[in-house]
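Asks: generate a structure from the sequence data that follows.
(one chain, ligands or ions: 1)
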Amino acid sequence: MTKILVIEDEESVRENLLDLLEAEDFETITAANGKIGISLAISTVPDLILCDMMMPEIDGYSVLTALRQEPLTATIPFIFLTAKSAKADFRQGMDMGADDYLTKPFTRAELLSAIMNRLERQATLKKYLCNQTAMKTLSPKMQLLEMNLHRVVQQQKFQEFEVYYQPIVNIASGKIIAAESLLRWQSPELGAVSPTEFIPLAESTGLIIPIDQWVLKNVCEQIKAWQNIGVFSLRIAVNISVIEFNHPDFIRKILEFLKVNKLEPKYLELELTESMIMQNANGAIATMNELQKMGVRIAIDDFGTGYSSLIYLKNLPINTLKIDRYFIHNVAQDSQKSAITKALIEMAHNLQMQVIAEGVETEAELNFLRQNNCDAMQGFLFSRPLPAAELENFLWNNNRLPA
Ligand SMILES: [Mg+2]
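Replies: Purely as a prediction, here's the structure:
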């Protein structure tokens, strides 16, 4: 049964809402003020929250802010209830990450349509994450993993994580031009845990938000540290999860990390996937535009495996296209893959995007990419992902791709 939490200080409105919701077979929980609302949201984790904007003491904005900071409640659909007031009020609510608003008095149809709309979207998101994790029920091993991941985040033991960097090389010059940051977890209890195991788990539990923010902060500090010792000015790419990307605090956090480290935004590139953008296209485009206005670069990761066409992406602010390793593997021998890869490189260039081939492992693959004017490559042929200190050494030694 779908559980809805109603946070509303006016008793008559609250009663009216309960009657409507219960008639539709929703399970309801009510809170008469913001403080009770926050604690009920955390203890019961409802499927959706309806919250009055104007309440004494803790208002709707503060409730929303508090819930978005809590991993357990960060992604619960949130609908504001507002009195007929200034447009600026609900604009502020939406900017803070509310999913929708209803102006009081609303009709039964308006209420139900807003609720069903949000629930459907949430179900799509969950399905998307579930497909990604491919874990319907948690095995004992995954339960242990989840427990440990919670502990790391709650006790802020982020030193168990380490950011590795895989160099990205310009194919024509052979020079390292960028690196992709990749998260590794060395747990004292579990040993090395593969990112393919813990990242989906972090996404489905909301723990990915503090983890992603730690990675972003760490990477920005590292770029600056390298610039300060005069080693090099490299662009570093960071993989962003769909939840982090949709988090209302996302842009503000990035601005903060750039500012604290006095970092030019062009040194940071965010890797998004097609499906992340498709999942909430309008919101994604707005966020991407804002990022690009700031000067932060945007890459589309694993391109070719999703559903969208390059034509669809042509109106989006994208700097870099990363061709998925599937197409690169054996590209020189496989006529279908070589036709697709050639077309992707050409179209991306027409759209003024830089093209990076992922997962390059053989000379034959590299030669094919060189012949077809692919800009850059990443893969074991040149280097595996390296700890920061090793990448630094790698650069001091002037390691290059042979021409
Ligand atoms: Mg990536």
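
Asks: which residues are contacting the lengthiest strand in the chain?
Replies: Scanning the chain for the strand with the most residues, using DSSP state E, yields strand 176-187. Contacts with strand 176-187, where a contact means C-beta atoms under 8 Å, 6 or more residues apart in numbering, come from 148, 152, 160-170, 192-193, 195, 198-199, 211, 215, 219, 232, 234-239, 269, 271, 376, 378, 385, 391, 394-395, 399-400. C-beta coordinates here come from the backbone N, C-alpha and C atoms, glycine included.

Asks: which ones among those residues lie within strands?
Replies: 161-170, 192-193, 235-239, 269, 271, 376.

Asks: name the nearest residue to the residue minimising distance to the centre of the chain, ignoring sequence neighbours.
Replies: Closest to where the C-alpha atoms of the chain average out (C-alpha atoms, centre = their mean) is residue 241, at 2.4 Å. Leaving out its chain neighbours, the residue that sits closest to residue 241 by C-beta to C-beta, 6 or more residues apart in numbering is residue 208, at 4.7 Å.

Asks: isn't the one you found up against residue 202?
Replies: Yes. Proximity of residue 208 to residue 202 meets the contact threshold set by C-beta atoms under 8 Å, at 4.0 Å.

Asks: what do these two both touch?
Replies: Common neighbours of residue 208 and residue 202 (C-beta under 8 Å, 6+ apart) are residue 241.

Asks: near the ion, which residues of the stretch 101-250 of the chain are found?
Replies: Residues of the stretch 101-250 of the chain that fall close to the ion, judged by C-beta under 5 Å from the ion: residue 239.

Asks: can you give me the helices in the stretch 101-250 of the chain?
Replies: Using DSSP state H, counting those that start in this stretch, the helices found in the stretch 101-250 of the chain span residues 108-133, 140-154, 195-205, 208-228, 242-246, 250-260.

Asks: cool, the stretch 251-400 of the chain as well?
Replies: Here the stretch 251-400 of the chain has its helices, by DSSP H, counting those that start in this stretch, at 274-279, 281-294, 310-313, 325-328, 335-350, 363-371, 388-396.

Asks: for these, which one sits closest to residue 106?
Replies: Judged by C-beta to C-beta, the one of the helices of the stretch 251-400 of the chain that comes nearest to residue 106 is helix 281-294, at 23.0 Å.

Asks: smallest gap between the stretch 51-200 of the chain and the ion, at which residue?
Replies: Per C-beta to the ion, residue 180 is where the stretch 51-200 of the chain lies closest to the ion, at 5.5 Å.

Asks: can you pull up the bridge partners for that residue?
Replies: residue 166, residue 237 (DSSP bridges).

Asks: that one - how many residues pack around it?
Replies: When neighbours are defined as other C-beta atoms under 10 Å, residue 180 has 23 of them.
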